[in-house]
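Undergrad: how would this look folded up:
(chains A, B and C)
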Amino acid sequence: MDTHYDVVIVGAGITGAILAWQAAEAGRSVLVLEAGTDTSRTYAGYHSQVETFFGAAAKTPEAPWRYNANAPSPDIPGVGTPGADYFVERGPVPFASTYARLAGGTTLHWLGTCLRMIPEDFDCATRFGRGLDWPIGYADLAPDYERAEWEIGVAGDVRDQAHLGITFRDGYQYPMERIPPSYSDGLLSEKVDGMLVEVGGQTARLLVRSTPAGRNSTPRPGYRPVGAVDLAEGFGPADTGQDLVRDLGERCQGNSACVPICPVQAKYNALKTLAKAVATGRVTVLTQAVAARVVTEGRRVTGIEYLRYAAPDRPEHGSFTARGTTYVLACHAVENAKLLLMSGLQSPNGLVGANLTDHPTVLAWGLAPEQAGAYRGPLSTSGIEDLRGGAFRSELGAFRIEVGNDGWLWPMGAPDTTVTDAVGKGLFGRALRDTLRDRIGRQVRMGCLVEQPSSTRNRVTLDPSQVDALGLPRPVITYDLEPYVLKGMAAAAATMRTVFAQAGIEDRTDPKDSFLSIATWEHQALPWGGAGHLSGTHCMGTGPESSVVDAQQRSWQHDNLFVAGPGSMPSMGTANPTLTVAALAFRTARDLIASPEERGATV
Amino acid sequence: MPPSDWTLDDLRLHLMGAVELELLTIPPYLTALYSLHPDTNLEAALIIRSVVVEEMLHLTLAANVLNAIGGRPDITGGGYLPRYPAAIPYHDPQSFQVGLLPFGDPALDTFLAIENPAAPVAPVAAAAGAAVPRVLELARDRGYPTIGAFYTAIQAGLRALDAAPGELFTGKESLQVRPEHYYASGGKVIVVRCLDDALAALEQIIEQGEGELTGPLPDEKFDPEGDLAHYYRFNELRRRRRYRADDTPQTPTGALIELDLAAVYPMRPNLRVADLSGDLRTAALACNRIYARLLDQIQTAITGQPEELTRAVGTMFELKYAAIDLLRTPLPDGSGQHAGPTFEYPPC
Amino acid sequence: MISKVPRAIRERVLPRPDQGDAFAALSAALTGFSVLELAGTGVGDRYLAFLARVFPDVLPDLLAAWSEVERKPPGEIDAALRARILDDAKLGPFARQILELWYTATWTPMPAAWNSAYGDHHDGFDAELTAAAYPEGLMWRAGVGTHPTAARPGGFGTWAFRPREA
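TA: All right, here's what the predicted structure looks like:
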């Protein structure tokens, strides 16, 4: 515990893992502090979480990941573990997205979608008068997008992605061929490709495109897919004479469980990068170590106090301080803000914790005219991206349409509820079986991720009277859906109705009958859920008066502190944020390695 | 006849023998694998799975070499697809044959016999009229002391014929199964265009599985990827211990492997469709039809349409579920034993 | 509630010769799957053991009622099943829960009204049972081309093919 490291990183998710790896490759000594457990470190431990999922009453994204009172994290509001609510929801709208506090982080249960932001997403304030501008643009981030795509291992085709200003370097390709689109994507494509829709006075031509994803597929030359991890204590390589699971997960098998747990780790998770970091011999990972305070002296961070607990179900812990030359907070948007606020490090501009953002996702579901193969394959293999951009964004939120392969599971808890309904109607025997045979495979759904501009009204704060088992404050969330977003959600719902009609899908969207939250706009009930995308809370910007970190995610207030992750993003546009988060991590790594403190540092 | 005197036909015959040999091992391994209760005996399941995947890789490598020298692999037309229990090379079929067994020490002993790395045994003639694998015929007629020697002879034959006048590698490259078609194994599919490629392909087979290096070198157990050769993977299970790098070949002294032998479906060994009746017979036949489809798809893949391997992957999963359904089903005779896959080809 | 790691997979469940055949036949009639198909799931014994443990009084009544139904000619069994069991105030709700158990691998507790009339058996969602049985839920076998979430995948690329009946 007296060791002085070159770099101390809080959080063993994708940001922490990439930074640890890059710093170690550059010869730095690194300590990673992770609040959660390392259950996924071994394949047997990971596999036990699949069993936990099988036995869960409510199969939410958090279902496999056993509740940890010492490193609690949120669950779907109203559905989660009773008595274990983590967020203190001040509303008016309950924040609907979750994240995981575990070694591997939220990449353990993400869907895997790896879309780049479109160029206009980087300056929404200037273009549309909405939200915040980034201090950098698409062209600045493009080389790091490539690095991120090759580290995560993205399957895709650049020809499917060149729209709305997204460009690629000449000759660039993703490391793996696109995941084969599902049969139902094909059915949709036949009917829908080329159709015109109108949103906010603008006409768009729709196309069903494959979605690039961090999921193992046929490799292109120069890339070897990385399968499951099975690591020794401390995340080093296991010394068993062979690596039995290395080849498991080398291709997606179609388990249709990306969220909440890919049984074979064909989908990327940050442990794959963490393993590389530890293999350099210069990275130490401490799990069950909850950062409690960032200790500062003037403009320098001098240590991170952390609580080390022996068991997730007992609060007994010891207190220690980690010391380094450079520090990185990388524990996701809410926890980063919480840690800064716990440490009394609110910025003079009051922006730490402000601008908490999600992608409210409006769902529509229906019955396809023929057997579509629902519930097969990755949860989504294609999307309709044509409404992610346009002048209408000055009036209402843009959205992308995620085409689901997972039937009515998300909105309706199907096929379980389909069974209950049929049995309740008196069906049994052959008649029941035939009815289910007719229905289940035809259950299709779409979800529109709607952009939400940054707003200081949506924020994370602390209330010292609300604490967790270790005595640390629970995050207090103030959150709302403003009219701009609601208009976008309504337009999304209308677009999906039009697409359903075009595709001959019998619309069965019924907000009141679903498990979803309901938002209202102009008397229309809009069923929605959180996308699992939390951003904002420590936005980057051009100067300390208007932002928390600079364009390298370095704190404006403390010279040797980086606050990294989706919390730095002034906007997400309509892109699932993880790819951008990874690109930013590569960008930050260069600055971290090159910083003046690192040159000729003495212990 | 030494390899230096081989004709092209000799070489092709040997390579087809290699394809058969790999294929022959797969049903016994799959049967044991599928007999494990779901989510139990994880290590054993992963070990057997890894061996099966590599046998299929070896099959593919042998087919690639055969295709490269202008031969034509033929599994379903006249290849050795025996009924089990079946004769295997280097063992007297009167006293030892490989069968379809549920997981357990008898099954593991069978696998060790198949993969036996360096047990020189006089090749034994099969009973007249009995089906034998080509490699057994070749061993008997040409006198290879081990399977390793068999593969080494193929390498020598390739060198000799490549050095001889005329082009050896005349096969169309479009017949080659490429790395993107085949995955999930410790090794790599090698596209074979020339002698070096062919030798590398065979070297990989030798190092991973059958036919190890001569001499008890300390790291003889491990292949270049650091993986144990197949014999040793099975020996780990049989001895209930992992190997450490400095262990002697027979005795692993590493971490204990826990096996739950009660968590195994008690399949009746070497079940035949003819032993069954009614619904169960229909189900066993349906399983064999899936197996036949798999073989057809592999045949198609190694004779010009390597993309067909994607369909073969799906068929392998279907086969697994059909086999497991059978393995869970008690036989109606009150014996307490269960049904299981019979791997009879053609299905009948 | 901290969910515990289910060890159900290791549990050895012994078949009950006296009730096993009757339960299998009743389950087939309720679910529309054959006795053989249900055997293939491997979870029948586990369901029976659960029901015998939690409803030791009701289960024998149900199986006795089934033995009456089963004597009918094949064409009349469905009607008899409905009349004698599914429409019965006590056996009907119980049989429907069993039917749902087979399809969803999840036990939903008996409704309060049933508990008042026939006794509260303190049944509830059973995580161990569901953890062991989830991949074998019949709803996934009923759907065309479907498979349980996180189990029985079709293999790489198979989701691009036209879905086929198993």
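
Undergrad: so for stretch A:210-229, mean pLDDT?
TA: The average pLDDT for stretch A:210-229 rounds to 94.

Undergrad: pairing partners for the helix or strand hosting A:Thr203, with directions?
TA: Using DSSP states H and E, A:Thr203 sits within strand A:202-205. In the sheet, strand A:202-205 lines up against strand A:196-199 (antiparallel) (DSSP bridges).

Undergrad: buried ones in the strand it pairs with, by neighbour count?
TA: Across strand A:196-199, burial judged by 16 or more other CB atoms under 10 Å in any protein chain shown covers A:197, A:199. From N, CA and C alone the C-beta is placed, and that goes for glycine too.

Undergrad: for chain C, what's its nearest residue on the stretch 101-250 of chain A.
TA: Proximity of the stretch 101-250 of chain A to chain C (CB to the nearest CB) peaks at A:Pro180, 4.2 Å away.

Undergrad: the closest residue to that residue other than its chain neighbours: neighbour count?
TA: Computed as CB to CB, 6 or more residues apart in numbering or on different chains, the closest residue to A:Pro180 that is not its neighbour in sequence is C:Ala160, at 4.2 Å. Counted with other CB atoms under 10 Å in any protein chain shown, the neighbours of C:Ala160 add up to 21.

Undergrad: next one: B:Ala262
TA: Counted with other CB under 10 Å, B:Ala262 comes out at 10.

Undergrad: assign it to helix, strand or coil.
TA: coil (DSSP: H, G, I helix; E, B strand; the rest coil).

Undergrad: all helices of the chain, in order?
TA: No chain was given, so I picked chain A. In chain A, the helices defined using DSSP state H lie at A:14-25, A:43-54, A:124-128, A:138-152, A:158-161, A:183-192, A:271-279, A:332-342, A:409-412, A:416-424, A:429-439, A:483-503, A:578-594.

Undergrad: to clarify, I was referring to chain C.
TA: Secondary structure of chain C by DSSP H: the helices cover C:17-31, C:35-41, C:44-54, C:58-70, C:77-81, C:91-104, C:112-118, C:127-133, C:138-142.

Undergrad: would you point to the one among these that's packed deepest?
TA: Sort those by mean neighbour count, taking mean count of other CB atoms under 10 Å in any protein chain shown, and helix C:138-142 sits at the top with a mean of 25.

Undergrad: near chain A at all, it?
TA: Yes: on the criterion CB under 8 Å from any CB of the partner chain, helix C:138-142 is in touch with chain A at C:138-140, C:142.

Undergrad: what does that helix rub up against?
TA: Helix C:138-142 is contacted from outside by A:375, A:415-416, A:418-419, A:433, A:436-437, A:440, C:31, C:33, C:37, C:41, C:102-104, C:146-148, C:152, C:166, using CB atoms under 8 Å, 6 or more residues apart in numbering or on different chains.

Undergrad: now stretch C:58-67
TA: Outside stretch C:58-67, the residues that touch it by CB under 8 Å, 6+ apart are C:19, C:22-23, C:25-26, C:29, C:51-52, C:81, C:84-85, C:88, C:90-91, C:94-95, C:98, C:118, C:121.

Undergrad: in chain C, which residue is most central in space?
TA: C:Trp102 (2.9 Å; CA atoms, centre = their mean).

Undergrad: for A:Lys512, the count of nearby residues, please.
TA: Each residue near A:Lys512 was counted by other CB under 10 Å, and the total is 8.

Undergrad: how near is it to B:Pro306?
TA: Computed as CB to CB, to the nearest Å, the A:Lys512 to B:Pro306 distance reads 52 Å.

Undergrad: which residues of chain C score low on pLDDT?
TA: Chain C contains residues with pLDDT under 70 at C:1-17, C:166.

Undergrad: most proximal residue of it with respect to chain B?
TA: Checking chain C residue by residue against chain B with CB to the nearest CB singles out C:Gly40 as nearest, at 3.2 Å.

Undergrad: isn't that residue up against B:Leu326?
TA: Yes: applying CB atoms under 8 Å as the test, C:Gly40 and B:Leu326 come out as touching, 7.2 Å apart.

Undergrad: overlap in contacts, those two.
TA: By CB under 8 Å, 6+ apart, the residues touching both C:Gly40 and B:Leu326 are B:Ala283.

Undergrad: nearest spatial neighbour of the residue of the stretch 51-200 of chain A at minimum distance from chain C, chain-adjacent residues omitted?
TA: Closest approach of the stretch 51-200 of chain A to chain C (CB to the nearest CB) occurs at A:Gly55, with a separation of 2.9 Å. Using CB to CB, 6+ apart and skipping the chain neighbours, the partner closest in space to A:Gly55 is C:Ala131 (2.9 Å).

Undergrad: strand partners of the top strand by length along chain A, parallel vs antiparallel please.
TA: Identified as the longest strand of chain A according to DSSP state E is strand A:317-329. According to DSSP bridges, strand A:317-329 has the following sheet partners: strand A:4-10 (parallel), strand A:300-309 (antiparallel), strand A:561-563 (parallel).

Undergrad: counting neighbours, which bits of it end up buried?
TA: For strand A:317-329, the neighbour count (16+ other CB under 10 Å) marks A:317, A:320, A:322-329 as buried.

Undergrad: what about the residue of the stretch 51-200 of chain B found nearest chain C, which SS state?
TA: Nearest residue of the stretch 51-200 of chain B to chain C: B:Tyr183, at 8.1 Å (CB to the nearest CB). Using three-state DSSP, the structure places B:Tyr183 in coil.

Undergrad: okay, now it: neighbour count?
TA: A count of neighbours around B:Tyr183, defined by other CB under 10 Å, yields 23.

Undergrad: OK, contacts around whichever residue of the stretch 451-600 of chain A sits closest to chain B?
TA: As assessed by CB to the nearest CB, chain B sits closest to A:Leu579 within the stretch 451-600 of chain A, at 23.8 Å. With contact set as CB under 8 Å, 6+ apart, A:Leu579 has these partners: A:114-116, A:145, A:148-149, A:152, A:154, A:214.

Undergrad: A:Tyr479 too?
TA: Counted by CB under 8 Å, 6+ apart, A:Tyr479 has contacts A:89-95, A:356, A:358, A:458.

Undergrad: spatially nearest residue to it, not counting backbone neighbours?
TA: A:Phe95 (4.5 Å).

Undergrad: again, but for A:Thr588
TA: A:Gln553 (4.6 Å).

Undergrad: A:Phe586 is in contact with that neighbour, correct?
TA: No: using CB under 8 Å, A:Gln553 is not in contact with A:Phe586; the gap is 11.1 Å.

Undergrad: among those two, which residue is more densely surrounded?
TA: More crowded of A:Gln553 and A:Phe586, by other CB under 10 Å: A:Gln553, with 28 against 19.

Undergrad: what about the nearest residue to A:Val208 once chain neighbours are set aside, how many neighbours?
TA: Computed as CB to CB, 6+ apart, the closest residue to A:Val208 that is not its neighbour in sequence is A:Ser189, at 4.1 Å. Using other CB under 10 Å, A:Ser189 has 18 neighbouring residues.
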